[in-house]
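[1] I would like the atomic coordinates for the input below:
(one chain, ligands or ions: 1)
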Amino acid sequence: MANLVKMAKNRELGTAAFGGLIVGGTLTAVLGITDLPLASAIGAVIGGGIAAYLLYGKIGQGATAGMLSALFGYPFSIGILYILLIFGVYTPPSGPTPSMSTIQAGVIVEFLLNLVAGAVGGLAMSSARRPSATLEASAEMPASPEPRQSRYCVQCGAQLQAGTLICPHCGARQPQ
Ligand SMILES: [Zn+2]
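    Alright, predicted model coming up:
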């Protein structure tokens, strides 16, 4: 678990897509149980958003991460649904069993839908996070060590390193 957190903090594309597919795929499966229409697209949007969120700071990759998480999240969700089906938690909607070609078409449509949804979620999250990213970057600028480094001894005027208490040149105590 601690390893997962550490991985997430690295914010790499693969890690982000992995996080997105777990969250998005699980969500899709949960929504799928409730027979919600567009369950997998909703899961893909949120999964894509999660993926982009994990990539915080790498805005350009947000959509890619979202698409990747949607791409892999879909089979992941089918896997979860299948397991739930085996254990009787999930009962597929009753009615005539659709033909294999209908199921195949449905899977392809859902895959494409998820790709778009994942990209949308990734882009939405990236742009939502963008203002705070620039804000944080600009807030970090003044806090850079530059002003602290240009300290000078109150007595002899020698340049001192940050945090120096006693001037190495004249021995004067510096106010903090
Ligand atoms: Zn001095």
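
[2] So which residues of the chain form helices?
    With DSSP state H as the criterion, the chain has helices at 2-10, 13-33, 39-54, 62-86, 100-140, 146-149.

[3] And the fourth one, how far out from the chain middle?
    So the one you mean is helix 62-86. Centroid separation for helix 62-86 versus its chain: 16 Å, with C-alpha atoms, centre = their mean, to the nearest Å.

[4] any idea of the angle it forms with helix 39-54?
    Put simply, helix 62-86 runs at 130 degrees to helix 39-54, going by axes from the mean of the first three to the mean of the last three C-alpha atoms, to 10 degrees.

[5] related to what we said a few turns ago, now the helices of the chain in JSON lines, with mean pLDDT, mean neighbour count and distance to the ion?
    Bear in mind the C-beta positions are built from the backbone N, C-alpha and C, glycine included. Shown next, in JSON lines, are these (pLDDT from 0 to 100; neighbours: other C-beta atoms under 10 Å; distance: least, C-beta to the ion, whole Å):
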{"stretch": "helix 2-10", "mean pLDDT": "55", "mean neighbour count": "11", "distance to the ion": "43"}
{"stretch": "helix 13-33", "mean pLDDT": "86", "mean neighbour count": "23", "distance to the ion": "50"}
{"stretch": "helix 39-54", "mean pLDDT": "85", "mean neighbour count": "28", "distance to the ion": "50"}
{"stretch": "helix 62-86", "mean pLDDT": "88", "mean neighbour count": "22", "distance to the ion": "52"}
{"stretch": "helix 100-140", "mean pLDDT": "78", "mean neighbour count": "16", "distance to the ion": "31"}
{"stretch": "helix 146-149", "mean pLDDT": "52", "mean neighbour count": "11", "distance to the ion": "16"}
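
[6] Centre-most residue in the protein?
    By C-alpha atoms, centre = their mean, the chain has its centre lying nearest to residue 54, at 2.2 Å.

[7] State the distance from it to residue 77.
    19 Å (C-beta to C-beta, to the nearest Å).

[8] Likewise for residue 169?
    Separation of residue 169 from residue 77 (C-beta to C-beta) stands at 68 Å.

[9] sorry, back to before: to residue 93, which of the helices of the chain lies closest?
    Nearest to residue 93, of all the helices of the chain, is helix 13-33, at 10.4 Å by C-beta to C-beta.

[10] Any chance of the helices of the chain in a markdown table with distance to residue 93 as columns?
    Output for those, formatted as a markdown table (distance: least, C-beta to C-beta, whole Å):
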| stretch | distance to residue 93 |
| --- | --- |
| helix 2-10 | 35 |
| helix 13-33 | 10 |
| helix 39-54 | 12 |
| helix 62-86 | 12 |
| helix 100-140 | 13 |
| helix 146-149 | 64 |
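
[11] Quick one: closest of these to residue 165.
    Closest among the helices of the chain, once you apply C-beta to C-beta, is helix 146-149, at 13.9 Å.
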